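Trainee: Sequence and predicted structure below; questions after.
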Amino acid sequence: MAEQDSATPQAQAAPKPPWEEKPVAPQPQDAREHPQVREIAALLPDAVVAATEFAGQVTVAVPAERIGEVCRACKDRLDYKFLVDLTAVDWQGRPEGRFDVIYWMHRFSDSRRLRLKVLLADGVEVASVTSVWKVANWMEREVFDMFGIYFANHPNLERILTWEGFSGHPLRKDFPIEGIDTGAAIYPDVYPPGGGPVAGEGGE
Amino acid sequence: MGNLEPVKPFPDSEEMEISFGPQHPATHGVLRVLVRLDGERIIEAKPIIGYLHRGTEKIFERETYNGTIPHTDRMDYTAAATNNQGLVGTVERLLGVTVPPRAAYIRMILAELQRIASHIIWLGTHALDIGAQSPFFYTFQERETILDLYEEYCGARLTLNCMRVGGQPFDLPEGWTGRCRAFVDQLPARIAEWEALLTNNRIWKKRTIGVGVISAADAIEWGLTGPPLRGSGVKWDIRKVFPYDHYDEVEFEIPTGASGDTYDRYLVRMEEMRQSVRIVTQCLERLPDGPVMAKVPKVIKPPKGEIYFSVEGPKGELGYYAVSDGSTNPYRLHVRPACFVNLQALDVMSRGLLVADLIAVIGTLDIVLGEIDR
Amino acid sequence: MSIRGFLSSVFQIDLAEGLAVTGRYLFHRKATQQYPEVKPEPKDRFRGMFGFSEERCIVCHNCAKACPIDIIHIADHFEEVEVEGKKKKKKVLDRYDIDVKRCMFCGLCEEACPTEPLAIWLTSKSYEASAYERNERLYFTKERLQSWEGVQPYPGVATPDEGQMPDDPTGASSRTAAEPRS
Amino acid sequence: MANPWIAYLLVPLVKIVVILLTVILLAAYLSYFERKILAYIQIRIGPNRVGPRGWLQPIADALKLFTKEDIVPSRAEKLVYLLSPVIITVPALVVFSVIPFGTDTTLFGLLPQAIPPYLTDINIGILFILGVSSVGVYGVILGGWASNNKFSLMGGLRSAAQLVSYEVPMGFSVVAVLLMAGSLSMVKIVEAQRQAGVWFFFPGIVAFFIYFVCGIAETNRSPFDLPEAESELVAGYFTEYSGMKWAFYFLAEYANMVVVSSVATVLFFGGWLRPFPNVAALAFLDVIPPFVWFAAKVGFFLFCYIWFRGTFPRYRFDQLMGLGWKVLLPVSLANLLVVGLGVLLIGGPR
């Protein structure tokens, strides 16, 4: 009996494995002193508007007009040779700028990644980075196609996923989820009598 | 491809423009390539995509986090397990959940089996495009066994939907590990047979050596990842650089090619299949027991924030960029598909080749249009 | 070129190697199944045709909410029911339709169903539900979900109203419990 | 048989009918065997629904092709478009008139006296075969050009270039055999092999290899099936053909395959002779009639065709031309030199 008692309390005292506990969400912290951010600040003093770190990933906000310069510096002097991803987020109705254009780049020397974020108002042009990384060509075309963000002196800024005659930019928040009438033949939803969605039965 | 002026062999070369696809038998889906030819030589190959665009990222914005998983199956429809692994990994890092080791090991087994299955499809269709008909049937016979293992585990063969945020929905059925072990043990012999058919076959070598060459610097410049990057000699694999799911506890090597042509990528993928076999064997031996699901609330509401997480898919780095505004639906869920970026290099790789080589280059890039068009 | 390379190129060793492999496969066991005569055996967890049981369904709408493409349409109303003297309001199911033509058989509804044993399940080992006209034939109402009219059950699988249970498609357990079939 | 009417009209007519029927049936059943053997190589079963184990499949195919709608492209050259399948099929069938597939037989006593089973034995047999079979190239070029389709034009030109460039090394490898045989007539070639006591395959192994590779290239088969490579040119020169016209192209291809196999058998594997004809020890092999020997050897070659199709990838067009001109041609010339020297030293046929 005794060792059985001693076994159970000892089990309680041992820390429960992490997947037993309630998950602890990562918190965003200010990352001005982060080495990667300090490197950029050293090169281009007033390029860093804000820097946050969330779940170990550093995001540096950069003014829109200096993005070409910062990307060139990142690639040439900070050795970020590999642009992993370029995308955009539509924060509709945000006063300081509707769109976020995100550049996510990787450095082979010490395998670190950095995210540059540019705030853009609707209809404002941002410089294209195709001259810095050739891979950005199609990514910028997709961002233009999906969000309507224009990239200055991009080699051939045209739609890539939707067809030429398509009007509207699907991934904008004001684009209806059911899609717009493009004149294409769509098979109508025909339900048998009494069938079909029940009024007010949303999928939320 | 404005920033690549088309190379004009001689001033008065009259060009012939052929539209290649989208219903062409060798374009692995609905890809259309506008090829400007001078006789047989390719002056410029401009891929046109978008025929399979279903607006997946817009649909993501109205789904719950667990509801997005079936949609990821349909992006790279030949590698559903690694798609799920990517998405689920992203949301878990957003929530700060650590997955129980048994679930992580099951995920690694499913992902590596998926890598073998995806490389099998690549080998079958690639050899078929270059003319060798039989490997297609031998390879797909092995793939049937993998699909049966998937069907036994999660009920579906292709669109698996076999992972949930926080772990695995169900545990392995009994006897599954034995059947999986039996399959994985006999696979290297099968791979050796396929290699006997192709690797030192002079016709295969003539059709693949020196075709679609891309140097290491260009590969990085064009953002290639996965076998196309490793084929050019860059030793880079997400499973080693940013290990996820206990990949750091498993030994395997990363095969790299030398000259970055189709033959090297072929060797890299064949070697990767063997390495996957090694990984699955080690995972089966070390499979810990315990729960398969972490403590995750029924309704998943991650905190406000943004995160990028990527897995090493069979085609390359498959990344998910999730932006959450605290609600049950992702505010923005962007997918960084490997095939979309790899396909962009098609023009620079197929410059100056013949029409027949365009097929070989499309095959060696191993593109899947579901992932490109999303 | 090495001597071995020259010799192998003259005597076509590499070509002969390939021929040997295909020659061996000539006598290999064939892999094709004659489908209509030999039906492939789906595994136990195979996500096939829906099974539904009205009495076990507690009309909680969980499956409708969990469905990624919202194709489960449920209409219900409240009814006064006398239970042990107390007046209780009970939800009664009017309509439980599944638009199977759009369904991708992802199984999320089955996971969301809180009842034990499940009221809606997919592990019914049946996959032959094709039809010539999709809007009418592939729109399953509550009755058709149970009677499986228009669905070819897998040999040996009972239809839901003949006692098919989620974990036992053949419905053997419910038969022996309820009434031994003659 | 003294009556000239019978000797010069009835007997040849019967022979012609028999030979044509067997060739067309053989071509049809060759498509069935090809699909069956290819299926067995690829661990599947192949046609087994029509007739017992699929034996009636070729008949079903023929009926289907008869009744299929015959689409003629609007802006095609009508006359040339309709003529080119004929231009490719006729030479393939005419060539069979010269191929000897047996010694004089009395057909198991049915005939009063032994008559040769083959149609004729003209003294320029092999030259006639090479000449007539190269007329088939016109069918390909005209077919490709007349169907007014960008893909079939490219397929037609490619195929014409391929056929022409492989005629040359094939011619030289045949000349090497003629040096050993001393005569152009097919029957005399077989006789020479009997007198020599050994098949010409052993002394002329290089010539045989070149001949067989060129034969595969001539019939657009397996590693050289570039013109109708599905993956690149959709269907090559017969993209626009359908129904019976398409069947003619396939009949011509299979007939050419049988022609190449039987000529290879006659030239290198001693026609209807049993292996090592004069060796007394192997006398027991004589119980097998000569015709069966010939059929077995041709069957082996046809099996090799199908086997190659199931195994090898496809050459690219420029590699294919390179192989033809830069490899096969010089090797066949060198072989010609060696065989000529050998014949000079050892003394040719008596």
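Mentor: All right, it came through fine.

Trainee: C-alpha from now on. contacts and neighbour counts both.
Mentor: OK.

Trainee: how's chain D carved up into domains?
Mentor: The record assigns chain D these domain ranges, following automatic domain parsing: D:1-67, D:71-346.

Trainee: Tell me which of those is the most buried.
Mentor: Across the domains of chain D, the average number of neighbours (mean count of other Cα atoms under 10 Å in any protein chain shown) peaks for domain D:71-346, which reaches a mean of 20.

Trainee: thinking again about what came up before, may I see the domains of chain D organised as JSON lines, with mean pLDDT added?
Mentor: As requested, those are arranged in JSON lines below (pLDDT from 0 to 100):
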{"stretch": "domain D:1-67", "mean pLDDT": "89"}
{"stretch": "domain D:71-346", "mean pLDDT": "87"}
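
Trainee: In JSON lines, list the ones you listed along with distance to chain C.
Mentor: Shown next, in JSON lines, are the domains of chain D (distance: least, Cα to the nearest Cα, whole Å):
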{"stretch": "domain D:1-67", "distance to chain C": "4"}
{"stretch": "domain D:71-346", "distance to chain C": "6"}
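
Trainee: out of these, which comes closest to chain A?
Mentor: domain D:71-346 (25.4 Å; Cα to the nearest Cα).

Trainee: mind checking which of the domains of chain D is nearest chain B?
Mentor: Nearest to chain B, of those and by Cα to the nearest Cα, is domain D:71-346 at 4.0 Å.

Trainee: and D:Q193, that one's in a helix?
Mentor: Yes - under DSSP: H, G, I helix; E, B strand; the rest coil, D:Q193 falls within a helix.

Trainee: Can you give me the distance of it to D:S97?
Mentor: Computed as Cα to Cα, to the nearest Å, the D:Q193 to D:S97 distance reads 21 Å.

Trainee: export the domains of chain D to TSV and tack on distance to B:D76?
Mentor: Converted to TSV, the domains of chain D look like this (distance: least, Cα to Cα, whole Å):
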stretch	distance to B:D76
domain D:1-67	27
domain D:71-346	23
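
Trainee: which bits of chain C sit near chain D?
Mentor: Proximity of chain C to chain D, by Cα under 8 Å from any Cα of the partner chain, involves residues C:15, C:18-19, C:22-23, C:25-32.

Trainee: Just the buried ones from those residues, in ChimeraX syntax?
Mentor: In ChimeraX, this line selects whichever of those come out buried by 16 or more other Cα atoms under 10 Å in any protein chain shown:
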select /C:15,18,19,22,23,25,26
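
Trainee: all strands for chain B, in order.
Mentor: Listed in chain order, the strands of chain B (DSSP state E) span B:16-20, B:32-38, B:41-48, B:305-312, B:317-324, B:332-336.

Trainee: Could you export those strands as JSON lines, including distance to D:I41, mean pLDDT and mean neighbour count?
Mentor: As requested, the strands of chain B are exported to JSON lines (distance: least, Cα to Cα, whole Å; pLDDT from 0 to 100; neighbours: other Cα atoms under 10 Å in any protein chain shown):
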{"stretch": "strand B:16-20", "distance to D:I41": "31", "mean pLDDT": "82", "mean neighbour count": "17"}
{"stretch": "strand B:32-38", "distance to D:I41": "33", "mean pLDDT": "88", "mean neighbour count": "20"}
{"stretch": "strand B:41-48", "distance to D:I41": "35", "mean pLDDT": "90", "mean neighbour count": "22"}
{"stretch": "strand B:305-312", "distance to D:I41": "35", "mean pLDDT": "94", "mean neighbour count": "23"}
{"stretch": "strand B:317-324", "distance to D:I41": "37", "mean pLDDT": "94", "mean neighbour count": "23"}
{"stretch": "strand B:332-336", "distance to D:I41": "41", "mean pLDDT": "95", "mean neighbour count": "24"}
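
Trainee: would TSV of these with distance to D:N149 be doable?
Mentor: Converted to TSV, the strands of chain B look like this (distance: least, Cα to Cα, whole Å):
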stretch	distance to D:N149
strand B:16-20	12
strand B:32-38	16
strand B:41-48	20
strand B:305-312	44
strand B:317-324	42
strand B:332-336	40
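
Trainee: Nearest to chain C: which residue in the stretch 151-300 of chain B?
Mentor: For the stretch 151-300 of chain B, Cα to the nearest Cα, closest residue to chain C: B:G155, 3.8 Å.

Trainee: Now do that residue against chain A, distance only.
Mentor: For B:G155, the distance to chain A (Cα to the nearest Cα, to the nearest Å) stands at 25 Å.

Trainee: right, and that residue touches C:R45 too?
Mentor: Yes - contact criterion Cα atoms under 8 Å: B:G155 and C:R45 qualify, at 4.6 Å.

Trainee: just checking, what packs against the longest helix along chain C?
Mentor: Across chain C, the longest stretch assigned as helix under DSSP state H is helix C:13-26. Packing contacts for helix C:13-26, counted by 3 or more Cα pairs under 8 Å, 6 or more residues apart in numbering or on different chains; DSSP states H and E, involve helix B:176-198, helix D:11-41, helix D:290-311.

Trainee: Contacts only, for the residue lying closest to A:R66 once chain neighbours are set aside.
Mentor: Closest residue to A:R66 apart from its sequence neighbours, by Cα to Cα, 6 or more residues apart in numbering or on different chains: A:A47 at 7.1 Å. Counting by Cα atoms under 8 Å, 6 or more residues apart in numbering or on different chains, A:A47 makes contact with A:I40, A:A41, A:V62, A:P63, A:R66, A:V70.

Trainee: can you check B:N201 too?
Mentor: So B:N201 contacts C:D14, C:L15, C:G18 (Cα under 8 Å, 6+ apart).

Trainee: Go ahead and confirm the first one touches B:R202.
Mentor: Looking back up the chat, that one is C:D14. Yes - the pair C:D14 / B:R202 is scored as a contact, 6.9 Å apart, by Cα under 8 Å.

Trainee: gap between C:Q164 and C:A158?
Mentor: For C:Q164, the distance to C:A158 equals 5 Å [Cα to Cα].

Trainee: So between these two, which is more surrounded?
Mentor: Each of C:Q164 and C:A158 has its neighbours counted (other Cα atoms under 10 Å in any protein chain shown); C:Q164 has more, 23 against 20.

Trainee: Spatially central residue in chain C, please.
Mentor: Nearest to the mean C-alpha position of chain C, by Cα atoms, centre = their mean, lies C:G48 at 1.0 Å.

Trainee: Looks like that one contacts C:T123 (just checking).
Mentor: Yes - in this structure, C:G48 is within contact of C:T123 by Cα under 8 Å, at 5.9 Å.

Trainee: what about burial for the contacts of A:A47, which qualify?
Mentor: Burial by neighbour count, 16+ other Cα under 10 Å: within the contacts of A:A47 this picks out A:I40, A:A41, A:V62, A:P63, A:V70.

Trainee: burial count for the residue in the stretch 1-150 of chain B positioned nearest to chain C?
Mentor: At 5.0 Å from chain C, B:G67 is the closest residue in the stretch 1-150 of chain B, using Cα to the nearest Cα. Other residues within reach of B:G67, judged by other Cα under 10 Å, total 21.

Trainee: Let's see the pLDDT reported for the residue lying closest to it once chain neighbours are set aside.
Mentor: Nearest-residue entry for B:G67: C:P68, 5.0 Å, with adjacent residues in sequence omitted and distances by Cα to Cα, 6+ apart. On the pLDDT scale, C:P68 is placed at 92.

Trainee: From B:Q133, how far out is the residue lying closest to D:E34 once chain neighbours are set aside?
Mentor: Excluding the flanking residues, the one nearest D:E34 by Cα to Cα, 6+ apart is D:I306, at 5.9 Å. Noted for D:I306: a distance of 12 Å to B:Q133, by Cα to Cα.
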